[in-house]
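Visitor: Could you work out the structure for the sequence below:
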Amino acid sequence: MHVALIQHAWQNEKEAMRRKSCEMIAESAYKGAELVVLQELHQGPYFCQYEETHLFDLAESFEEDMAFWSGIAKKYHVVLVTSLFEKRTAGLYHNTAVVFEKDGSVAGSYRKMHIPDDPGFYEKFYFTPGDTGFEPVDTSVGRLGILICWDQWYPEAARLMALKGAEILIYPTAIGWFDSDPEEEKKRQHDAWITVQRGHAVANGLPLVAVNRVGFEKDESGALDGIRFWGSSFACGPQGEMLAEASTEREEILFVDIDLERSEEVRRWWPFLRDRRIDAYDGLLKRFID
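Guide: Residues are numbered from 1 along each chain as shown. Below you'll find the model as predicted:
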């Protein structure tokens, strides 16, 4: 499977952001990509840096956004993974990945399950935790295990996607650091982000791709300076081997060829699913074991 991961910066307005994404999708298709993955909340800024009720208006265009990206998937004949702000009803909103098939039809969707609430990442104010469960999306290029950003820290999410037959794990992401953080702390955070996801690939014998934003986005409330998204979109194989990695600062399309059949071979060597002690894991359903 020839995959394109599209990493780019906020373009200061939605239409410019769409144009940039579409230019990169067109180039991806021209170069043979079958699957194109966009970053988290790719149509706009990362608006969760502060809490403001008028920002819920960004979700009012959800149906129109669906129609737009459906048309793009059909125009360029690619399976397209998007990340949209979904208004379900008044006062109920989700961070939703919608997957479009090559003919523009909706292959499936996933609502972000794990919602963070940290300085500069006030997502609990905006997003209701997802209720779609950890269900892979069947497409013409394979069975996609779509998860979103904060989900990437949870081995349970990756495991459940694997147990339900996902052939690849996919994480649209918006993560970065604050410029005021010490350099050693930035490195620890960045390394941890890559390491935990490579661990999901290893533990489940699956390839994995993560697509992150890049560039500085100001905190318009003035409470903080803003977030510098660290890019570093990457793909790894079922043994955690790095297949491709983008820069920390540049907009780019990261192309990677992924052999879905390799998972079968790796799982024969490392049969982690066979050796799981499913009779002994009841404690995982508890918040904490005193």
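
Visitor: mind checking pLDDT for the residue in the chain sticking out farthest from the centre?
Guide: The C-alpha centroid of the chain is most remote from residue 290, which lies 33.8 Å away (C-alpha atoms, centre = their mean). pLDDT, residue 290: 91.

Visitor: quick one, what contacts the closest residue in space to residue 50 that isn't next to it in sequence?
Guide: In space, and not counting its chain neighbours, residue 50 is closest to residue 221: 3.7 Å by C-beta to C-beta, 6 or more residues apart in numbering. In short, each C-beta sits where N, CA and C put it, glycine included. Counting by C-beta atoms under 8 Å, 6 or more residues apart in numbering, residue 221 touches 49, 50, 52.

Visitor: Give me the buried subset of these.
Guide: When burial is judged by neighbour count using 16 or more other C-beta atoms under 10 Å, the buried members of the contacts of residue 221 are 49, 50.

Visitor: can you put the contacts of residue 221 in JSON lines and add distance to residue 135?
Guide: Supplementary listing: the contacts of residue 221 in JSON lines, determined by distance: C-beta to C-beta, whole Å:
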{"residue": "49", "distance to residue 135": "30"}
{"residue": "50", "distance to residue 135": "32"}
{"residue": "52", "distance to residue 135": "32"}
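
Visitor: Could you list the buried residues of stretch 232-247?
Guide: 232-240, 243-246.

Visitor: for stretch 118-126, that is, sorry about that
Guide: Neighbour-count burial for stretch 118-126 [16+ other C-beta under 10 Å]: 120, 121, 122, 123, 126.

Visitor: Looks like the third one contacts residue 50 (just checking).
Guide: Right, residue 122. Yes. Counting by C-beta atoms under 8 Å, residue 122 touches residue 50, with 6.5 Å between them.
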